[in-house]
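# Output the structure for:
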Amino acid sequence: MFTALHKIAERKIEQAIAEGRGPDLSHWRNKPLPEDDMKNVPPDLRIAYKMLKNSGYIPEELALHKAIIRTEELLARATDEREKYNQLKKLNYLKFKLESSRGRPLYIDEESPYYGKIVDKVK
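As a prediction, the model looks like this:
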């Protein structure tokens, strides 16, 4: 079945190119490919990461960041005290969950081992 579908797809592509209905790719002609955004990912994991990215999966940390931003926006628009309290509880939980997954606090305070290094860089 795969080969039959493959042959049909190839035939359709060739037919579209022959009729001039193919996509206009002239803007890519004689230009380098876009830089690989996965240069920090080990080579043996790149294909798996690309597959996950193409299927719409996002890492848990990024999903938590999005949920935190959404909850902060809901909290800012909340008018009812009960709703504000619930959103604040949810926000604290999401921040705690993110901190737990990272193994360090979200924000760098004076007790953080990185605080001095950052202050020195900013000076």
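# switch to C-alpha atoms for all contacts and neighbour counts from now on
OK.
# Show the pLDDT at residue 73.
Reported pLDDT at residue 73 in the predicted model: 93.
# list the buried ones in stretch 89-101?
By neighbour count, and taking 16 or more other CA atoms under 10 Å as the criterion, the buried residues in stretch 89-101 are 90-91, 94-95, 98.
# so which of these comes closest to residue 67?
Taking CA to CA as the measure, residue 67 sits nearest to residue 94 out of these, at 7.5 Å.
# Was I right to think the closest one contacts residue 63?
No - look at residue 94 against residue 63 with CA atoms under 8 Å: they stay out of range, at 10.2 Å.
# Would you map the helices across this protein?
Secondary structure of the chain by DSSP state H: the helices cover 2-19, 43-54, 60-77, 81-102, 115-122.
# How much space separates residue 31 from residue 38?
For residue 31, the distance to residue 38 under the criterion CA to CA, to the nearest Å works out to 20 Å.
# ok, these two, which is more surrounded?
Neighbours per residue, other CA atoms under 10 Å: of residue 31 and residue 38, the larger number sits with residue 38, 13 against 8.
# show me what contacts that one?
When contacts are counted by CA atoms under 8 Å, 6 or more residues apart in numbering, residue 38 is found next to residue 46.
# helices and strands of this protein: which one bottoms out on pLDDT?
helix 115-122 (a mean of 74; mean pLDDT, DSSP states H and E).
# Quick one: distance of that helix to the chain centre.
Once both centres are worked out by CA atoms, centre = their mean, to the nearest Å, helix 115-122 turns out to sit 28 Å from its chain's centre.
# Same check on stretch 23-37?
When C-alpha coordinates are averaged (CA atoms, centre = their mean), stretch 23-37 and its chain have centres 23 Å apart.
# Appreciated, that's everything.
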